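J.: Sequence below, structure please.
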Amino acid sequence: MTSEDLELRAINTIRGLAMDMPQAANSGHQGTAMALAPLAHVLWTRIMQYDAAEPEWFDRDRFILSAGHASVLLYSMLHLTGYDLSLDDLKAFRQWGSRTPGHPERNHTPGVEVTTGPLGQGFGNGVGFGMAEQYLREHFGPEVVDHHTFVIAGDGCLSEGVSHEAASLAGHLGLGRLVYVYDDNHVTIDGPTELALSDDAPERFAAYGWHVDDLGEKANDLDALESAIRGAMAVEDQPSLIVLRSHIAYPSPGLTDSPKAHGKAFSDEEIARTKEVMGMPPDKTFYIPEDVADYYRQAGRRGASVRVEWEARKDAFAGDKAAFEAVLANGGIEGWEDTIPTWEPGEQVATRVASGKVFAALTATLPGLLGGGADLTGNTGTELKGLGVLSKEDRGGRQIHFGIREHAMGATMNGMAGHGGIIPVGGTFFVFSDYMRPAVRLACIAQHQVIYSWTHDSVGVGEDGPTHQPIEHLAAMRAMPHLRVVRPADANETATAWRDALHHAGPTALVLSRQDLPVLEGTAGNDGVSKGAYVLVELGPETDALPDLVLVGTGSEVWVCVDAAKAIAAEDDLTVRVVSMPCWEDFDEQDEAYQAEVLPGVVPTLAVEAGVSFGWDRWADDTVSIDRFGASAPGNTVLEELGINPTHVAERARALLDETAD
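T.: Alright, predicted model coming up:
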């Protein structure tokens with residue numbers, strides 16, 4: 001048997017698994033994986049540097065399957081090359097509790113770099129990987145950071161808007177060592193791509209500034225694939241796109257090039273016919289010949305020696321060792337918390353401004369902390385002066401100008417975090433978090449450590465009017481599992497929120513004010529901030545009994561609660577407690593005793609927040625809120641007219657007391 005014969009049998013083994021997994025699950029996508037089996041084979045056996053026994057080795061090449069519906073292709077390669085993914089795992093494809101879910105999930109399956117599935121998101125993730133690799137290599141050198149990122153994307157990925165934004169950013173930044181293969185199979189679920197797509201992809205990507213290689217009908221030519229990939233790998237100043245004309249479901253006699261093959265179209269008879277064409281036993285499922293298994297296991301072990309050599313270079317690293325160890329640990333240099341600034345009570349500071357000062361201060365001791373805004377860098381507290389702008393000219397710059405690309409900003413942030421070594425920060429107006437939502441959701445599923453600086457958090461935005469004034473956004477983001485939504489009351493709560501975000505393993509949304517807010521007594525260094533809610537102040541007659549009333553606020557409404565409480569305590573001779581509740585999610589994680597200590601359920605409780613009332617019924621008896629869209633006027637006027645002021649809060653609190661007294 002020649003090596004060509006063995007490689008063909010190995011590729012057909014992948015195709016067999018690609019048919020068998022969905023067939024066993026009665027669900028899934030076979031066709032794309034079958035067509036791209038030669039490409040995957042070349043990547044895993046001829047190209048990529050990896051060690052299947054150590055899937056988290058830092059200087060490994062990265063692989064992203066943006067076309068996540070073809071997950072069986074990735075699972076096949078991970079199993080065959082020796083990752084901790086068994087044949088039984090493959091047989092449990094798409095079943096409850098299995099390690100082989102319908103689309104690849106980071107932190108769930110060894111060897112999966114990012115969670116993909118929503119088309120185009122993986123494309124954006126890949127750009128983030130390229131940004132991270134470039135930044136780290138520039139700072140620490142190619143002796144310890146020297147790898148490539150490979151991405152497989154399909155027609156759907158290139159159709160989704162996020163890929164356009166990300167491709168434009170990647171070309172602008174000149175991200176080399178980033179190799180994308182576009183699976184140009186001319187098939188979508190509805191039918192031929194020509195139903196809705198007539199783009200000239202090579203010309204489009206060339207216009208973005210990419211190196212483009214239109215390979216044509218070479219999907220089964222292993223040497224041509226290898227040559228094209230190696231050529232792209234050598235490009236240091238441009239991202240690369242290899243356009244590959246493949247044929248979905250090849251070599252199926254009945255389904256090659258059929259739109260039906262985009263989903264589970266194969267019958268048992270068609271699978272048997274296809275296996276006969278490939279020279280495989282038609283009656284065997286999950287069939288892996290012993291010599292094929294040995295061949296792939298050897299490929300999976302080849303990188304071990306490269307990894308060992310890298311570890312020796314890492315141990316002998318003569319650069320800034322403390323900084324390099326910090327990025328490897330996704331953390332900071334010892335003492336980093338001491339660099340966080342504080343403010344004196346009585347100062348007037350917008351929380352977006354305070355956040356910007358914290359961000360800038362932390363960069364001195366967190367070498368992997370970088371980021372910026374979506375054309376709103378100065379507005380969102382994400383400006384880093386004197387640290388360079390990430391660009392073709394400064395590949396180690398820490399200031400990122402994402403441009404007017406919120407979709408891409410969210411997706412590339414996930415990629416940077418998924419790569420490791422980087423804690424990305426991205427800022428935009430809170431209302432435009434809508435554009436980021438798909439990427440935010442994936443950050444929550446994958447638990448990427450990313451920090452969102454979402455500013456202009458209420459109708460206090462003012463004159464820009466309803467289109468720019470977030471109303472339902474707090475409720476919408478709080479509804480998302482695993483997202484910490486933190487709306488700090490003042491500058492000192494903002495500083496603590498930053499510290500907690502850097503200790504948190506998942507995503508954090510900092511929701512920050514445009515307008516100045518008073519720095520309040522009792523917020524600096526208060527452990528209650530980290531618990532999500534705490535008693536800020538209690539006013540009125542001194543007593544050990546429960547208060548007569550609780551006012552609970554978030555963000556820019558906390559000072560409103562304090563002023564309303566002062567009026568009620570003085571005029572009504574009542575004890576009024578003010579609770580600052582910067583983070584529902586953190587408070588929800590506290591035990592019932594602490595929750596009851598802060599918010600006694602038997603005490604009338606009024607919540608105050610410049611957003612919709614939705615969800616507050618869990619914590620309060622009534623709300624002063626905004627269940628309508630905003631208006632165009634100066635911010636203070638809009639807040640006043642919509643009842644977000646101490647006088648109106650005091651009136652509503654007295655009405656609540658009267659209602660509960662009855």
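
J.: For my notes, confirm I152 occurs in a strand.
T.: Yes: according to DSSP: H, G, I helix; E, B strand; the rest coil, the state of I152 is that of a strand.

J.: How many neighbouring residues does it have?
T.: I152 has 30 neighbouring residues, counting by other CB atoms under 10 Å. Every residue, glycine included, has its C-beta placed from N, CA and C.

J.: Isn't it up against L36?
T.: Yes: with contacts counted by CB atoms under 8 Å, I152 reaches L36, the gap being 6.6 Å.

J.: Overlap of the contact sets of these two?
T.: Overlap of the contact sets of I152 and L36 (by CB atoms under 8 Å, 6 or more residues apart in numbering) consists of A70, D183.

J.: got the residue ranges for the helices in the stretch 451-600 of the chain?
T.: Under the criterion DSSP state H, counting those that start in this stretch, the stretch 451-600 of the chain carries helices at the ranges 473-478, 491-503, 558-572, 584-588, 592-598.

J.: Quickly compare these and say which is most buried.
T.: Sort the helices of the stretch 451-600 of the chain by mean neighbour count, taking mean count of other CB atoms under 10 Å, and helix 491-503 sits at the top with a mean of 24.

J.: what's that helix packed up against?
T.: In terms of contacts (3 or more CB pairs under 8 Å, 6 or more residues apart in numbering; DSSP states H and E), helix 491-503 is packed against helix 351-362, strand 451-455, strand 484-486, strand 508-511.

J.: Mind checking the pLDDT average for it?
T.: For helix 491-503, mean pLDDT is 98.

J.: Same question for stretch 469-487.
T.: 98.

J.: What of stretch 193-202?
T.: Mean predicted confidence for stretch 193-202 is 94.

J.: Which positions within it qualify as buried?
T.: Neighbour counts using 16 or more other CB atoms under 10 Å place T193, A201, P202 of stretch 193-202 among the buried residues.

J.: and the last one, how far is that from L158?
T.: When CB to CB, to the nearest Å is applied, the distance between P202 and L158 equals 11 Å.

J.: For the stretch 201-350 of the chain, give me the ranges with low pLDDT.
T.: Applying pLDDT under 70 to the stretch 201-350 of the chain flags no residue at all.

J.: Strands of that one, residue ranges please.
T.: Applying DSSP state E, counting those that start in this stretch to the stretch 201-350 of the chain gives strands spanning 211-216, 240-244, 348-349.

J.: quick one: which of those is nearest G124?
T.: strand 240-244 (14.5 Å; CB to CB).

J.: What segments of the stretch 301-450 of the chain are helices?
T.: Counting by DSSP H, counting those that start in this stretch, one finds helices in the stretch 301-450 of the chain at the ranges 303-315, 321-328, 351-362, 406-419, 433-446.

J.: next one: the stretch 1-150 of the chain
T.: Remark: helices assigned in the stretch 1-150 of the chain by DSSP H, counting those that start in this stretch are 3-25, 31-35, 37-42, 71-80, 87-91, 121-140.

J.: Isn't D84 up against T109?
T.: No: D84 lies out of contact with T109 (CB under 8 Å); the separation is 9.1 Å.

J.: circling back to that earlier point, can you list the helices of the stretch 451-600 of the chain in a markdown table and add distance to L362?
T.: Compiled in a markdown table, the helices of the stretch 451-600 of the chain are given as follows (distance: least, CB to CB, whole Å):
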| stretch | distance to L362 |
| --- | --- |
| helix 473-478 | 23 |
| helix 491-503 | 7 |
| helix 558-572 | 24 |
| helix 584-588 | 20 |
| helix 592-598 | 29 |
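
J.: Tell me which residues touch A24, please.
T.: So A24 contacts K91, F93, T285 (CB under 8 Å, 6+ apart).

J.: any idea which of these is closest to C444?
T.: Closest to C444 out of those is F93 (24.2 Å), distances taken as CB to CB.

J.: What score does that closest one have for pLDDT?
T.: For F93, the pLDDT comes out at 98.

J.: show me the contacts for it.
T.: F93 touches M21, P22, A24, A25, G28, V72, Y75, T100, counting by CB under 8 Å, 6+ apart.

J.: Compile those into a markdown table and extend it with columns for distance to G522 and pLDDT.
T.: Rendered in a markdown table, the data for the contacts of F93 read as follows (distance: CB to CB, whole Å; pLDDT from 0 to 100):
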| residue | distance to G522 | pLDDT |
| --- | --- | --- |
| M21 | 58 | 97 |
| P22 | 59 | 97 |
| A24 | 60 | 96 |
| A25 | 56 | 96 |
| G28 | 56 | 95 |
| V72 | 56 | 98 |
| Y75 | 53 | 98 |
| T100 | 51 | 98 |
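
J.: which of these lies closest to G528?
T.: Using CB to CB, the shortest approach to G528 within these belongs to T100, at 43.2 Å.

J.: how much space between the closest residue to that closest one other than its chain neighbours and R106?
T.: Ranked by CB to CB, 6 or more residues apart in numbering and with sequence neighbours excluded, the top spatial neighbour of T100 is F93, at 4.6 Å. Per CB to CB, F93 is found 18 Å from R106.

J.: No further queries at this time; thank you.
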